[in-house]
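**Q** mind folding the following:
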Amino acid sequence: MSIARRAASHAATCTVLAVLVAAILASLPAGRAWARSAPGGIAASAPKPSAVPVGEAELLAGRAIPPAEAPAAVRQVIAAANRIRTRPYVWGGGHGRWWDRGYDCSGAVSYALHGGRLIDSPLPSGPMTHWGSPGPGRWITVYANAGHAYAVIAGLRWDTAGNSSESGPRWHTDMASTSGFVARHPEGY
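**A** Here you go, the predicted structure:
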């Protein structure tokens, strides 16, 4: 299966998942918090966004190595993503439980963000378009639409699409198109 065909298949799968999860969320009582910053809000040690460029993570044998100056939460997000970086793509994976046999696009992004205590519950790609703060972040940016989500963390793309030989959550040095995606970031990062 070609990369483009696999990406299209993954996007279609994420779209179906987003519709199903949206229906489930709509049936829940009002006031349920699906995504929050760290408990009690943003930690006092969270850096303020600035125009100063940040260091970029390195990719070594498929594992991201955070830059030395990365804040603790960013290092934890990278460590979490590294834990699932060889898991297969599984539609709906990572939404029913954090540790799963495989992950879909938004499940993989949610797992990584949860590692840094930036969300409490997994989010489907559609609701990620309203999560966090608008625009790109200094360290972490989530790109989402109704059918797909991926993140750029310390300069590396964390995504389930675009691999030439495998599917599932993987790190990439190349950037994907942001056309049709909403950029969001965790406040302070």
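
**Q** least confident secondary structure element in this structure?
**A** For the chain, using mean pLDDT, DSSP states H and E, the weakest element among its helices and strands is helix 3-27, scoring a mean of 48.

**Q** parallel or antiparallel, list what pairs with the next helix or strand along the chain from that helix.
**A** Following helix 3-27 in sequence order, the next helix or strand is strand 58-60 (DSSP states H and E). When sheet partners are counted by DSSP bridges, strand 58-60 sits next to strand 63-65 (antiparallel).

**Q** any buried residues in the partner strand, and which?
**A** By neighbour count on 16 or more other C-beta atoms under 10 Å, the buried set for strand 63-65 is Ala64, Ile65. Bear in mind the C-beta positions are built from the backbone N, C-alpha and C, glycine included.

**Q** same deal with stretch 75-90?
**A** Neighbour-count burial for stretch 75-90, counted by 16+ other C-beta under 10 Å, picks out Arg75, Gln76, Val77, Ile78, Ala80, Ala81, Asn82, Ile84, Arg85, Arg87, Tyr89, Val90.

**Q** closest to Thr160 among those residues?
**A** For the buried residues of stretch 75-90, the residue nearest Thr160 by C-beta to C-beta is Tyr89; the value is 5.2 Å.

**Q** bridging residues for the closest one?
**A** Beta-bridge pairing for Tyr89 (DSSP bridges): Tyr103.

**Q** ditto for Arg157
**A** The partner list for Arg157 in beta bridges (DSSP bridges) reads Val152, His172.

**Q** so how many other residues sit close to it?
**A** Using other C-beta atoms under 10 Å, Arg157 has 19 neighbouring residues.
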